[in-house]
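Novice: the following block contains a protein sequence and its predicted model.
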Amino acid sequence: MSLSTIIQKLPKAELHLHIEGSLTPELMWHLASKHSITLPYKSIEEIAAAYQFTNLQSFLDIYYAGAGVLIDEDDFYALMWAYFTRCHEDNVVHTEIMFDPQTHTARGIGFDVFMPGFLRAMKDAQKQYGISSYLIMSFLRHLPESDAFATLEAAKPYYSVIDAVGLDSSELGHPPSKFERVFREARALGFKIVAHAGEEGPPEYIWEALDLLNVDRIDHGVRCQEDEKLMAYINANQIPLTVCPLSNLKLCVVDDLAKHNILSLLDEGLMVTVNSDDPTYFGGFLNDNYIALCDALPVTEAHVKQLAINSFAASFLPDDIKQQHIAHIH
Ligand code: ES4
Ligand code: ZN
């Protein structure tokens, strides 16, 4: 069996996915027309052609603008349902989905609009595809900590359906320490904690995420390799890293996938996972990320299986469910 067939057949979990980053040019076009919104593009092809980023900020500018077509509950349902349909095609059986409330509340669209849309799609995905899913509410780090506190407060009616709290958006200049207090409160409320760190930011930001935010996982974290002590700590404690290969390539975190360190991190025993980040912007959903790695690096069948096992092991699923999923990987 070819590696791509093995990848296709393996049950997998996805742990680093921004739902707003799964908006296809087709759905963006459709929703713009539905709401009579004028996009700065004349066709679906022109939208796709605009996705030429050189770093995180140039991506974020287009990503926040694209999210402007999401207006009513059905739009958020359609966004999430389209992602679940791709999960089903890729044999993703569990997914932990990040959403950015501030991207929507800043436009006057509140939790009572997007949460019912998300939750309805999640229920339907469980019923129709057998896919389980969790929600990770992420704070935008370029905004002040007071905004994150207001977001945590606004989310109160939905605490029971949110599993984790995360930190995303522009990393450089916005270290985890800026959000120490709000994450202390989120942890006290019982949420799992994740944070983007060590994508564009230095290893010190990963230390801060671990020491000050008490994260359960690091999103990206690929720059941990620049600090030997940090690598040893992450390995010894099996802190999961949710790595996103095609994202790293598209945002020039690496200039060639053949130079990506994910395989050496895996071989050293770190708890690394493969994820798609913002699949419609970065050129591929989950299986595309696995396949791109296989094309660029000496990835074996054993590596692929270990990555699939890690995807469940690093998830927030209860231990017995993790083990059930892992038992299906031979
Ligand atoms: C993001 Cl820091 C980062 N990376 C990828 N996608 C994102 N969406 C919001 N922040
Ligand atoms: Zn991300």
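Specialist: Perfect, I can see it now. Ligands and ions are numbered 1, 2, ... in the order given.

Novice: ok, for whichever residue of the stretch 51-200 of the chain sits closest to ligand 1, nearest residue in space, not its chain neighbours?
Specialist: Nearest to ligand 1 in the stretch 51-200 of the chain, going by C-beta to the nearest ligand atom, is Asp168, at a distance of 3.3 Å. All C-beta atoms are positioned from the backbone trio N, CA, C, and that covers glycine. Once flanking residues are discounted, Asp168 sits nearest to Ser138: 4.5 Å by C-beta to C-beta, 6 or more residues apart in numbering.

Novice: and Leu27, what pLDDT?
Specialist: On the pLDDT scale, Leu27 is placed at 97.

Novice: so the residue of the stretch 51-200 of the chain closest to ligand 1 sits right up against Ile19, yeah?
Specialist: No: because the distance of 11.7 Å does not satisfy C-beta atoms under 8 Å, Asp168 is recorded as not touching Ile19.

Novice: common neighbours of the two, please.
Specialist: Counting by C-beta atoms under 8 Å, 6 or more residues apart in numbering, the common neighbours of Asp168 and Ile19 are Met98.

Novice: and the residue nearest to Asp168, that's in a strand?
Specialist: Yes: for Ser138, which was evaluated using DSSP: H, G, I helix; E, B strand; the rest coil, the result is membership in a strand.

Novice: which residues does it form a beta bridge with?
Specialist: Per DSSP bridges, the residues bridged to Ser138 are Gly166.

Novice: how close does the residue lying closest to Gly221 once chain neighbours are set aside get to His220?
Specialist: Residue nearest to Gly221 in three dimensions, not counting chain neighbours: Leu241, with 3.9 Å by C-beta to C-beta, 6+ apart. Counting by C-beta to C-beta, to the nearest Å, the gap between Leu241 and His220 amounts to 7 Å.

Novice: what do you get for Ile71?
Specialist: If you go by C-beta to C-beta, the gap between Ile71 and His220 works out to 31 Å.

Novice: so the two - more neighbours on which side?
Specialist: Using other C-beta atoms under 10 Å as the criterion, Ile71 and His220 rank with His220 on top: 25 against 17.

Novice: would you map the helices across the stretch 101-250 of the chain?
Specialist: 101-105, 111-129, 145-154, 180-188, 203-211, 228-236, 245-250 (DSSP state H, counting those that start in this stretch).

Novice: quote the end-to-end distance of stretch 214-226.
Specialist: Between the opening and closing residues of stretch 214-226 lies a distance of 21 Å (C-alpha to C-alpha, to the nearest Å).

Novice: ok, that stretch near ligand 1 or not?
Specialist: No: for stretch 214-226 and ligand 1, the contact criterion (C-beta under 6 Å from any ligand atom) is not met; the two come no nearer than 7.7 Å.

Novice: what's the spacing between that stretch and its chain's center?
Specialist: When C-alpha coordinates are averaged (C-alpha atoms, centre = their mean, to the nearest Å), stretch 214-226 and its chain have centres 13 Å apart.

Novice: so what's Pro25 up against?
Specialist: With contacts defined as C-beta under 8 Å, 6+ apart, the neighbours of Pro25 are 44-45, 47-48, 280.

Novice: of those, which is the most crowded?
Specialist: For the contacts of Pro25, neighbours were counted using other C-beta under 10 Å, and Thr280 has the most, 25 neighbours in all.

Novice: which stretch of helix or strand covers that residue?
Specialist: Taking DSSP states H and E as the criterion, the element that holds Thr280 is helix 279-282.

Novice: give the other helices and strands that that helix contacts.
Specialist: helix 56-66, helix 245-250 (3 or more C-beta pairs under 8 Å, 6 or more residues apart in numbering; DSSP states H and E).

Novice: for that helix, give the mean pLDDT please.
Specialist: Averaged over helix 279-282, pLDDT sits at 97.

Novice: that one and ligand 1, any residue contact?
Specialist: No: judged by C-beta under 6 Å from any ligand atom, helix 279-282 stays clear of ligand 1, getting no closer than 8.0 Å.

Novice: pull out the buried positions in stretch 32-44.
Specialist: Buried positions in stretch 32-44, judged by neighbour count with 16 or more other C-beta atoms under 10 Å: 32, 39, 41, 44.
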